[in-house]
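A.B. asks: Quick one, fold the following:
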Amino acid sequence: MAAATPAIAALVAADAPHEVLQYHHDPRNVAFGDEAAEALARAGVDAEQVFKTLVLALPNGLGVAVLPVPAKLSLKAAAAALGVPKATMAERAAAERSSGYVIGGISPFGQRRPLPTVVDESALRWDRVLCSAGKRGWDVAVHPRDLIALTNAVTADLRA
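C.D. replies: Residues are numbered from 1 along each chain as shown. Here you go, the predicted structure:
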């Protein structure tokens, strides 16, 4: 059976232990991370364990920041971690084109093009973290070391 998304396919190909969790996505809701955190909280998941994937515009292309849903991203910290002078949020079209996913379903795994990635260091406090599985209403639980290894990420404190 084929994997449902490129993110899940990437995890299967890497033989990385993972669990896909699905929740009802309301198409009218555009606060995707909050929706995921609230839905997963009903399943006993702490909001700080649910991570959002943000695509950044860097001076030389794009990058990715992965941090807990409740946290506000420090663009300055993300830029420093990625070794560039500055970072801004990427335009929606650029993020979707580069990742191959739609906003609200962008996963750090299985992106169309691997991008420089930084994961908030708080991920290492958990035995598993959840991030988008590549589709709105789908998250995947993985060990934080697998998240870091499979995305070739560096870690840093990304909170504003």
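A.B. asks: all helices for the chain, in order.
C.D. replies: Ranges of helices in the chain, per DSSP state H, are 6-13, 32-41, 75-81, 92-99, 144-150.
A.B. asks: Pull out the buried positions in the third one.
C.D. replies: Neighbour-count burial for helix 75-81 flags 75, 77-81 (criterion: 16 or more other C-beta atoms under 10 Å). Glycine gets a C-beta too; all of them are placed from N, C-alpha and C.
A.B. asks: circling back to that earlier point, save the helices of the chain as a markdown table, and put in mean pLDDT too.
C.D. replies: As requested, those are exported to a markdown table (pLDDT from 0 to 100):
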| stretch | mean pLDDT |
| --- | --- |
| helix 6-13 | 94 |
| helix 32-41 | 88 |
| helix 75-81 | 97 |
| helix 92-99 | 95 |
| helix 144-150 | 97 |
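A.B. asks: Show me which residues of stretch 53-71 are buried.
C.D. replies: 53-58, 62-69, 71.
A.B. asks: how much distance is there from it to the middle of the chain?
C.D. replies: 9 Å (C-alpha atoms, centre = their mean, to the nearest Å).
A.B. asks: before we move on, what about stretch 49-64?
C.D. replies: On C-alpha atoms, centre = their mean, the centre of stretch 49-64 falls 8 Å from the chain's centre.
A.B. asks: average pLDDT across that stretch?
C.D. replies: In this model, stretch 49-64 has a mean pLDDT of 96.
A.B. asks: cool, stretch 18-29 as well?
C.D. replies: The predicted model assigns stretch 18-29 a mean pLDDT of 89.
A.B. asks: quick one on the thing from earlier: how about TSV for the helices of the chain, with distance to Trp126 added?
C.D. replies: Output for those, formatted as TSV (distance: least, C-beta to C-beta, whole Å):
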stretch	distance to Trp126
helix 6-13	17
helix 32-41	13
helix 75-81	19
helix 92-99	24
helix 144-150	6
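A.B. asks: Which one of the ones you listed lies nearest to Ala160?
C.D. replies: Closest to Ala160 of those is helix 75-81 (C-beta to C-beta; 7.7 Å).
A.B. asks: Pick out the residue nearest the middle of the chain.
C.D. replies: Thr53 (2.9 Å; C-alpha atoms, centre = their mean).
A.B. asks: what's the span of stretch 55-69, first residue to last?
C.D. replies: Start and end residues of stretch 55-69 are separated by 14 Å (C-alpha to C-alpha, to the nearest Å).
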